[in-house]
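Novice: what's the 3D shape of this:
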Amino acid sequence: MDDPAVRALSAVAALDEPTRRRLYEYVVRQPEPVGRDEVAAATAVARATVAFHLDKLVAEHLLDVTYERRTGRTGPGAGRPAKLYHRSDRQVTVSLPARRYDLAGHLLAAALEEAGRSGCPPGPILREHARRLGEELGAAAGSVLRTLTDHGFEPRADGSGVVLGNCPFHRLAESHTELVCGMNLGLVKGLLHGAGDPSLRAELAPTPGHCCVRLTRTSD
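Specialist: Okay, here's the model as predicted:
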């Protein structure tokens, strides 16, 4: 299961089961990791059921596990360490259509920091940061369309080019159109360069209901 959106949906679906969600909410409210016996006693759920649901949450990376001997004894005869559960560092966000405001926030913050140090306008710096990130993503994936799909742009063939059916930064683009569209263009241009794909060219072509960037086929 390599698709981030599918993984996120799976994690959210795991919490749709009422007992599992109640156990998760109990664990994450505790200041320290808790064991199965403590969770079972606090929630009045059978220990075997608690174990099943907690381990399901671990499998979805919503909880993490540590092991600790709570008796204070060590060495032979000290017994097995207790399996303790606590909230994982994973953050799960599901949005339909896909939104990537985390990515926009990262790029905007980096651009503002550099603009503060250099005194240069943040717009061109933002486009350059987006281009660099696009190059890294394109070089790592090797496929422009796959990377665009993974980041929520919904690319699809359209005549002589590729239209991007969704803008992952939609709300930002509505209120800060020039800034965000420039960031989008820099990101997609970087993807093309990083993936080494000369068959497509990125250009601004705002169309209602689509991303402001369009990919056109280059002539042979």
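Novice: what separates the closest residue to residue 141 other than its chain neighbours from residue 87, distance-wise?
Specialist: Using C-beta to C-beta, 6 or more residues apart in numbering and skipping the chain neighbours, the partner closest in space to residue 141 is residue 147 (4.4 Å). C-beta coordinates here come from the backbone N, C-alpha and C atoms, glycine included. From residue 147 across to residue 87, the span is 31 Å (C-beta to C-beta, to the nearest Å).
Novice: Could you check which of those two is surrounded by more residues?
Specialist: Using other C-beta atoms under 10 Å as the criterion, residue 147 and residue 87 rank with residue 147 on top: 22 against 15.
Novice: OK, contacts around that one?
Specialist: Contacts here follow C-beta atoms under 8 Å, 6 or more residues apart in numbering; on that basis residue 147 touches 137-138, 141, 191, 195.
Novice: Mind checking what secondary structure it has?
Specialist: helix (DSSP: H, G, I helix; E, B strand; the rest coil).
Novice: just the strands in this structure please.
Specialist: Remark: strands assigned in the chain by DSSP state E are 34-35, 63-68, 82-87, 155-158, 161-164, 200-204, 213-217.
Novice: Tell me how far stretch 205-217 lies from the chain's centre.
Specialist: Using C-alpha atoms, centre = their mean, to the nearest Å, the distance from the centre of stretch 205-217 to the centre of the chain it belongs to is 24 Å.
Novice: all helices for the protein, in order.
Specialist: In the chain, the helices defined using DSSP state H lie at 4-14, 18-29, 36-43, 47-59, 101-118, 122-141, 144-150, 170-175, 177-195.
Novice: ranking those helices by mean pLDDT, which is last?
Specialist: Mean pLDDT is lowest for helix 4-14 among the helices of the chain, at a mean of 79.
Novice: contacting residues around that one?
Specialist: Identification of contacts with helix 4-14 by C-beta under 8 Å, 6+ apart yields 1, 20, 56-57, 60-62, 90, 92-94, 98, 150.
Novice: Export the residues you listed to JSON lines and append columns for neighbour count and distance to residue 43.
Specialist: Formatted as JSON lines, the contacts of helix 4-14 follow (neighbours: other C-beta atoms under 10 Å; distance: C-beta to C-beta, whole Å):
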{"residue": "1", "neighbour count": "6", "distance to residue 43": "29"}
{"residue": "20", "neighbour count": "21", "distance to residue 43": "11"}
{"residue": "56", "neighbour count": "17", "distance to residue 43": "15"}
{"residue": "57", "neighbour count": "23", "distance to residue 43": "14"}
{"residue": "60", "neighbour count": "21", "distance to residue 43": "19"}
{"residue": "61", "neighbour count": "15", "distance to residue 43": "22"}
{"residue": "62", "neighbour count": "22", "distance to residue 43": "17"}
{"residue": "90", "neighbour count": "13", "distance to residue 43": "23"}
{"residue": "92", "neighbour count": "16", "distance to residue 43": "22"}
{"residue": "93", "neighbour count": "13", "distance to residue 43": "27"}
{"residue": "94", "neighbour count": "12", "distance to residue 43": "26"}
{"residue": "98", "neighbour count": "20", "distance to residue 43": "35"}
{"residue": "150", "neighbour count": "17", "distance to residue 43": "38"}
